[in-house]
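Q: Need coordinates for the following:
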Amino acid sequence: MDWRNRAVCGGSRAWLFFGPDGETAAERARREARAKAVCASCPVRGECLDYALAHHVRKGIWGGLNERERFRERLRRSRTEAGHASHGGRDSRGMR
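A: A predicted model of the protein is given here:
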């Protein structure tokens, strides 16, 4: 079964995850907080975030993160992978 079929956000709440043009900063903060609360209880939050990061999704809340947060997470993951690769696939303890 596709992870999207198990996502809590399905249905008529797309507006909650994708804000309208002209949304004020305060409106955006309130909407995003509500969307992230939905994500917090979602059984496929990790798969959703992985999908958004792998496909460079730019808009909306995915896996509980907004656009800026996903950008930072993508950087964090790429640094982690680069560090792991530079140690011959071993972590800082020398473990694979």
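Q: residue ranges of the helices in the protein, please?
A: 14-17, 25-40, 45-54, 67-86 (DSSP state H).
Q: Which stretch among the ones you listed approaches residue 4 most closely?
A: With CB to CB as the criterion, residue 4 lies closest to helix 45-54 of the helices of the chain, at 8.0 Å. Where C-beta positions appear, they are placed from N, C-alpha and C, glycine not excepted.
Q: coming back round to it: can you say which of the helices of the chain is packed in most?
A: helix 45-54 (a mean of 17; mean count of other CB atoms under 10 Å).
Q: Which strands or helices does it pack on?
A: Counting contacts by 3 or more CB pairs under 8 Å, 6 or more residues apart in numbering; DSSP states H and E, helix 45-54 is packed against helix 67-86.
Q: can you tell me the average pLDDT over the helix it packs on?
A: Here helix 67-86 scores 86 as its mean pLDDT.
Q: Poorly predicted segments of this structure, please.
A: Residue ranges of the chain with pLDDT under 70: 1, 12, 84-96.
Q: is it true that residue 31 touches residue 14?
A: No. Counting by CB atoms under 8 Å, residue 31 does not reach residue 14; the two are 11.7 Å apart.
Q: picking up where we left off before, please name whichever of the helices of the chain is nearest to residue 5.
A: The minimum distance between residue 5 and these falls on helix 45-54, with 11.0 Å, by CB to CB.
Q: Let me see the residues that make contact with that closest one.
A: Helix 45-54 has contacts (CB atoms under 8 Å, 6 or more residues apart in numbering) with 3-4, 7, 39, 42, 57, 62-65, 70, 73-74, 77.
Q: The same query, at a cut-off of 7 Å, please.
A: 3, 7, 39, 62, 63, 64, 65, 70, 73, 74, 77 (CB atoms under 7 Å, 6 or more residues apart in numbering).
Q: Now residue 35. Nearest residue, chain neighbours left out?
A: residue 61 (4.2 Å; CB to CB, 6 or more residues apart in numbering).
Q: Neighbours of residue 42, how many?
A: When neighbours are counted by other CB atoms under 10 Å, residue 42 registers 18.
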